[in-house]
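[1] need a 3D model of the sequence below.
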Amino acid sequence: MDLEEKTLASRDIFQGRIIKVRVDQVLLPDGSESSREIVEHSGAVGIVAIDEENNLWMVRQYRKALERVLLEIPAGTLEENEEPLECARRELEEETGLQAAKWQKILSYHSAPGFCDEKLFLFMAQGLSPGESSLDRDEFLEVEKVPLKEAYEMIFSGEIIDGKSIIGIQYACRLLGC
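    So this is what the prediction gives:
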């Protein structure tokens, strides 16, 4: 069975600073029609920054969509034509004031393929040294370092709930041990 949904028409609904929303009219495999609401996103990076004492550097910030403060790994949105590694280096320094001597791509994945085309690239950063933070004008966060084992336990206690952090922490524990 061909599972592809063929696009019959597409209509832009919203163009924002971070996302674009469109509605596609599609032909389903059984010949019927339906509509799909699609969020377009340029992509993002997440950084698992581990220091020599096996601490994970994280940021605590308010997330309006959830109406609460979250503890997350540093992350950010790709700028136009920006390579993911370049974005990861920029975001780590902007958010934490850290630079890293060693970078390793962990993996990439789609965060919510049911309605969004966002692709996230996860990197591990080691060999950390002080740099210079420079937050965006509308960005407020606190930097925290958490022992990797404690961060792992915070996943299962429900204190860490965002996907990129959960994936990154589990990868780091598998690679470095928790």
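[2] and the strands in the chain?
    With strands called from DSSP state E, the chain shows them at 6-15, 19-27, 33-41, 44-50, 55-63, 68-72, 75-77, 98-110, 119-130, 141-147.
[3] TSV for those, including mean pLDDT?
    Formatted as TSV, these follow (pLDDT from 0 to 100):
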stretch	mean pLDDT
strand 6-15	98
strand 19-27	98
strand 33-41	98
strand 44-50	98
strand 55-63	97
strand 68-72	98
strand 75-77	96
strand 98-110	97
strand 119-130	97
strand 141-147	96
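[4] can you count the residues close to the nearest residue to residue 97 once chain neighbours are set aside?
    Beyond its immediate neighbours in the sequence, the residue positioned closest to residue 97 (CB to CB, 6 or more residues apart in numbering) is residue 133, lying 3.5 Å away. From N, CA and C alone the C-beta is placed, and that goes for glycine too. The number of residues packed around residue 133, counting by other CB atoms under 10 Å, is 14.
[5] surely residue 133 touches residue 91?
    No: taking contact to mean CB atoms under 8 Å, the distance of 10.7 Å between residue 133 and residue 91 leaves them out of contact.
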